[in-house]
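Need a 3D model of the sequence below.
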Amino acid sequence: MELDDLQEMWRGYDARLDASLALNERLLRRASLGGTQTALGRLALGVRVELVADAIALIFIGGFAADHVREPGPFAAAAVLGVATLALVIALATALVAIGRIDFDAPVVAIAGSLDRLRLLRAWTVFATLAVSPLLWTPLLIVALRAFAGVDAIAAFGLPYVAANLAVGVALLAVASLVARRAGANPHAPSPYRRLLDVLAGYEVRAARKQVDALARYVAHDA
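From the prediction side, this is the model:
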């Protein structure tokens with residue numbers, strides 16, 4: 001066999017090997033990103049359900065505020081709830097847009113970056129909801145009792161009780177704000193805070209990020 005024939009044969013082997021490696025990478029990418037898309041699809045469904053529920057709540061709160069516009073206590077309570085609910089609706093809508101904009105044909109690094117931004121958005125949305133909830137308990141009590149039982153909570157429980165509940169809510173919000181500053185979006189934040197963000201972001205985001213990380217390690221090893 002001539003040298004030229006050997007070189008041609010090896011070139012054929014190299015071409016088939018490159019084609020096989022490319023096929024393996026495409027199959028791995030499809031499998032990994034398929035799982036990622038499934039996880040994000042579940043997340044998007046949950047966000048849509050929550051968004052519809054919050055939109056209905058916002059309509060109810062708006063109607064309540066309109067009916068009690070001349071009553072400072074109930075109106076102020078409804079206004080606070082309305083602002084908080086509107087902020088949550090905006091955050092949920094932003095999350096849906098972020099999920100829809102993820103380009104699964106983009107490089108793995110770009111997909112990972114999009115997931116990181118979604119992770120922070122979801123974590124801070126859940127964190128802010130939990131942090132503000134104690135402060136919203138008193139307005140919710142005022143609105144719910146008036147709307148469903150016709151009871152004036154301030155008159156029924158007394159102003160000191162209502163004020164004490166507000167004070168507890170403010171104190172808990174202050175503690176939550178301290179935790180938020182410690183965690184931040186800093187990649188060098190202490191690991192317990194980073195784990196907290198992962199938990200708050202939800203299982204679907206963690207699962208999607210894990211699958212993309214596995215694909216990124218394969219691509220980096222193969223490069």
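
Now do the helices in this protein.
3-67, 72-100, 108-149, 153-157, 159-183, 191-201, 203-222 (DSSP state H).

Let me see the contact set for the residue lying closest to Val80 once chain neighbours are set aside.
In space, and not counting its chain neighbours, Val80 is closest to Pro139: 4.5 Å by CB to CB, 6 or more residues apart in numbering. In short, each C-beta sits where N, CA and C put it, glycine included. Pro139 makes contact with 76-78, 80-81 under the criterion CB atoms under 8 Å, 6 or more residues apart in numbering.

Next: Leu141.
153, 165.

lowest average confidence, helix or strand, in this structure?
When each helix and strand of the chain is scored by mean pLDDT, DSSP states H and E, helix 191-201 comes last, with a mean of 60.

which residues touch Arg42?
Applying CB under 8 Å, 6+ apart to Arg42 gives the contacts Glu204.

ok, it to Val175 distance?
Arg42 sits 32 Å away from Val175, going by CB to CB, to the nearest Å.

How about Leu88?
Note on Leu88: its distance to Val175, by CB to CB, is 21 Å.

for Phe127, same thing?
Phe127 sits at a distance of 12 Å from Val175 (criterion: CB to CB).

Have a look at the two and say which one is more surrounded.
Counted by other CB atoms under 10 Å, Phe127 and Val175 do not tie: Phe127 has more neighbours, with 19 against 11.

ok, now which ones touch Gly169?
When contacts are counted by CB under 8 Å, 6+ apart, Gly169 is found next to 134-138.
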